[in-house]
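*Asks:* Pasting the sequence and the predicted coordinates here, then a few questions.
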Amino acid sequence: MMNTNSFEATDITLGFIGLGNMGSRIVRRLLYAGYKTFVYSVVPPEAQALRKEGAISCATVAELAKQSHVILSCVTDDEAVRSVYTGPEGVLRHARPETVVLEMSTISPETSREIAGLGMERGIYVLDVAISGSTPAVERGEVILFAGGNPNIYDGVAPVFRAFAKKFFHLGPSGAGTTMKLVVNAILGVEMQAIAEAVALGAAARRARSEPRNRHPVFRSGGSALEAPPGRIPHCPARLGSVLRQWRALRL
């Protein structure tokens, strides 16, 4: 049994599943904060790279689950989450009672609630903790987290969150965190679409021999909506990314 009121680096061990662009960077932040961290990835070289930085790699999810007080995961989709948590070799079969799970993948709220319900049956606390931010933000410890689940557990794991997040919010019961992530993604999608339309208008004006220099002060002094997109350009779909790169060129 674990004292779920103590989540400092000196008191617990962590397990992290999924070592892609986001996951590997979060692990580095956790290691830097002093947490003993077990890692697992379906791509062995990803885990081996983190071993050089102090992580302890596990051959299976079950091995990781048995040794961790808090388990974090950041995998590709709903199917991957179910694969990690359910079944004979999954986390929920092998984790100890009172283990805390912080599931950080971008998945549906329904899947978040499903995994939380299965965890509850085995005495395991599952929070959905959606991430808002880019990989550079993770490296700087500046991502924002949206959490759903038991509020007492949420309060307790704050030291873990602080290792890699600038702000974190408890938004309600299971599924609330992943719901907010979808809301934020929808808003960003609309914002980027609006900027793409604005760029198209600007390109049309340029073809009509409007002087491009006259637009520079507008873009340079614009509000937050005009300042945000360049950092998101590499993550946009190819067509929209191309349009936004043109937008950035107009600002230079």
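*Replies:* That came through, no problem.

*Asks:* now the strands for this protein?
*Replies:* With DSSP state E, the ranges of strands along the chain come out as 13-17, 36-40, 56-57, 70-73, 100-103, 125-132, 143-148, 165-170.

*Asks:* chain center to the fourth one, what's the gap?
*Replies:* The chain centre lies 12 Å from the centre of strand 70-73; the measure is CA atoms, centre = their mean, to the nearest Å.

*Asks:* Then the last one?
*Replies:* Taking CA atoms, centre = their mean, one finds the center of strand 165-170 at 12 Å from the center of the full chain.

*Asks:* Output that strand in CSV with nothing but the alpha carbons.
*Replies:* Taking Å, rounded to 0.1, in the frame of the first residue of the first chain, the C-alpha atoms of strand 165-170 are listed here in CSV:
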residue,chain,number,x,y,z
ALA,A,165,3.9,21.7,-16.4
LYS,A,166,3.5,25.4,-15.9
LYS,A,167,-0.2,25.2,-15.0
PHE,A,168,-2.6,22.4,-14.3
PHE,A,169,-6.4,22.4,-13.7
HIS,A,170,-8.9,20.0,-12.3
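
*Asks:* just to revisit the earlier point, just send the strands of the chain back as JSON lines, with distance to residue 199, mean pLDDT and mean neighbour count too.
*Replies:* No exception for glycine: its C-beta is placed from N, CA and C like everyone else's. What follows is these, written out as JSON lines (distance: least, CB to CB, whole Å; pLDDT from 0 to 100; neighbours: other CB atoms under 10 Å):
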{"stretch": "strand 13-17", "distance to residue 199": "39", "mean pLDDT": "98", "mean neighbour count": "26"}
{"stretch": "strand 36-40", "distance to residue 199": "42", "mean pLDDT": "98", "mean neighbour count": "24"}
{"stretch": "strand 56-57", "distance to residue 199": "45", "mean pLDDT": "98", "mean neighbour count": "16"}
{"stretch": "strand 70-73", "distance to residue 199": "38", "mean pLDDT": "98", "mean neighbour count": "26"}
{"stretch": "strand 100-103", "distance to residue 199": "37", "mean pLDDT": "98", "mean neighbour count": "28"}
{"stretch": "strand 125-132", "distance to residue 199": "25", "mean pLDDT": "97", "mean neighbour count": "25"}
{"stretch": "strand 143-148", "distance to residue 199": "27", "mean pLDDT": "97", "mean neighbour count": "24"}
{"stretch": "strand 165-170", "distance to residue 199": "30", "mean pLDDT": "97", "mean neighbour count": "17"}
